[in-house]
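J.: generate coordinates for the sequence data below:
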Amino acid sequence: MTHLTDYSGHFRCILKAFLVTILIAIDFFNTAFAEPLTVGIFPRRDAAVTAKLFRPFAKYLEKELQRPVKLELSPNFNVFLKRLEERRYDLVHFNQFEYINAHKRLNYDVIAQNEEFGEKTIRGAIYVRRDSGIEHLEQLKGKNILFGGGKRAMMSYIVPTYLLRGAGLKKSDYKESFASNPPNAVLATFQRQADAGGAGEIVSRLPLVTNKIDIKDLNLIAVSEALPHLPWAVKLEMDSNLRTRITDLMLKMNTSKEGKEVLKRARLSAFNPAADWHYDAHRIIIDSVYAN
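T.: Now for the predicted structure:
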């Protein structure tokens, strides 16, 4: 009888170990052969620079999630927006304007936001050459203002336009033109190709700018209030466990040596928690600019 009991117990242990092995194998195949997690990055910079910055991040996610991760780059805003409309991205890095639209229309939900240069917020600004004689926004009447990106650029067009409206300037009071991106708006202003440039205040600290010009030759004549930084969002229908894992990974990256290195290569200091209501201040600015 004792031998039967021992045999039965031994069999149960073998069966339990076998079932655990099967479950581990199923989990492995489910992750290893799952559809790639597609990561989209809005073209704040050109595609080559964006690839260099964020490929390490995609590889980090792939390693930690143990599933394929595909980094999908867009050569310009139009391509990015087309792919966004198709909802090709599972995890996507937005500017604030595109996030607000995607949250409302395409069911994307924010999970984190950038921290850059140790700062959790970002400001829009208007640049002029220090020797231009322009010290106040009102002096831009009749001038050419070069904005970084198009009319959907939050910190380089919408916020600077909000500052201009606050100074009493209407759209007809100055000439609008557009650079391909925010750094180019600042560089072109330095090179006297425009009277003023609209871009994020942070642009004046980017190596792409500081390595080419003496930033001391430029002056910020208007800077917005501090606004929540650029967001990262996922599809609303994403599996809740996967959403939690991605969020936790991102928020904890600055606590490990490997994570810090990946952040550094992306020119980030951390990812911070974010919720949709954090972008209500942006909604007020957007409504004000586009109400007219």
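
J.: which helices and strands does the top strand by length along the chain pack with?
T.: For the chain, the longest strand by residue count, based on DSSP state E, is strand 108-115. Contact partners of strand 108-115 among helices and strands, from 3 or more CB pairs under 8 Å, 6 or more residues apart in numbering; DSSP states H and E: helix 96-105, strand 231-235, helix 240-251, strand 270-273. To be clear about C-beta, it is placed using only N, CA and C from the backbone, and glycine gets the same treatment.

J.: of all those, which one comes closest to residue 54?
T.: Closest to residue 54 of those is strand 231-235 (CB to CB; 11.2 Å).

J.: looking at that closest one now, give me its mean pLDDT.
T.: Here strand 231-235 scores 98 as its mean pLDDT.

J.: about what we covered before: and the longest strand of the chain with strand 231-235, angle?
T.: Angle, strand 108-115 to strand 231-235, by axes from the mean of the first three to the mean of the last three CA atoms, to 10 degrees: 150 degrees.

J.: in its sheet, which strands sit next to strand 108-115, and in what direction?
T.: Strand 108-115 has its sheet partners listed here by DSSP bridges as strand 231-235 (antiparallel), strand 270-273 (antiparallel).

J.: TSV for those strands, including distance to residue 75 and mean neighbour count?
T.: Listed next are those as TSV, based on distance: least, CB to CB, whole Å; neighbours: other CB atoms under 10 Å:
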stretch	distance to residue 75	mean neighbour count
strand 231-235	21	23
strand 270-273	26	18
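
J.: okay, those strands in TSV with distance to residue 257 next?
T.: Formatted as TSV, these follow (distance: least, CB to CB, whole Å):
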stretch	distance to residue 257
strand 231-235	22
strand 270-273	14
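
J.: residue 65 is nearest to which of those?
T.: Checking the strands paired with strand 108-115 against residue 65 by CB to CB gives strand 231-235 as the closest, at 12.7 Å.

J.: got a list of contacts for that closest one?
T.: Here strand 231-235 makes contact (CB atoms under 8 Å, 6 or more residues apart in numbering) with 87, 89-94, 96, 99, 102-103, 107-114, 243, 246, 250, 271, 274, 278-279.

J.: weed out the non-buried ones from the residues you listed.
T.: Burial by neighbour count, 16 or more other CB atoms under 10 Å: within the contacts of strand 231-235 this picks out 89-94, 96, 99, 102-103, 108-114, 243, 246, 250, 271, 274, 278-279.

J.: surely residue 57 is in contact with residue 262?
T.: Yes - taking CB atoms under 8 Å as the definition, residue 57 is a contact partner of residue 262 at 5.5 Å.

J.: who's more crowded, these two?
T.: Taking other CB atoms under 10 Å, residue 57 and residue 262 do not tie; residue 57 has more neighbours (23 against 20).

J.: what packs against the host helix or strand of that one?
T.: Using DSSP states H and E, residue 57 sits in helix 47-65. In terms of contacts (3+ CB pairs under 8 Å, 6+ apart), helix 47-65 is packed against strand 37-41, strand 69-72, helix 240-251, helix 257-265.

J.: re earlier: ok, and what's touching the longest strand of the chain?
T.: By CB under 8 Å, 6+ apart, strand 108-115 touches 92, 94, 99, 102-103, 120, 122, 228-236, 243, 246-247, 250-251, 268-276, 278-279.

J.: list the strands paired with whatever helix or strand comes next after it, with their directions.
T.: Next along the chain after strand 108-115, taking DSSP H and E as the criterion, comes strand 121-122. Counting by DSSP bridges, the strands paired with strand 121-122 are strand 227-228 (antiparallel).

J.: pull the distance from stretch 37-54 to the chain's centre.
T.: 10 Å (CA atoms, centre = their mean, to the nearest Å).

J.: ok, residues contacting it?
T.: The contact list for stretch 37-54, computed with CB under 8 Å, 6+ apart, reads 57-58, 61-62, 65, 67-77, 79-80, 83-84, 88-95, 98, 181-183, 208, 230, 242, 265-267.

J.: roughly how far does residue 150 sit from residue 203?
T.: 16 Å (CB to CB, to the nearest Å).

J.: give me the more crowded residue out of the two.
T.: Using other CB under 10 Å, the more surrounded residue of residue 150 and residue 203 is residue 203, with 25 against 14.

J.: next, the nearest residue to the more buried one once chain neighbours are set aside: phi, psi?
T.: Leaving aside its chain neighbours, residue 203 sits nearest to residue 182 (4.8 Å; criterion: CB to CB, 6 or more residues apart in numbering). The phi and psi values for residue 182, taken as degrees, to the nearest 10, are phi -60, psi -50.
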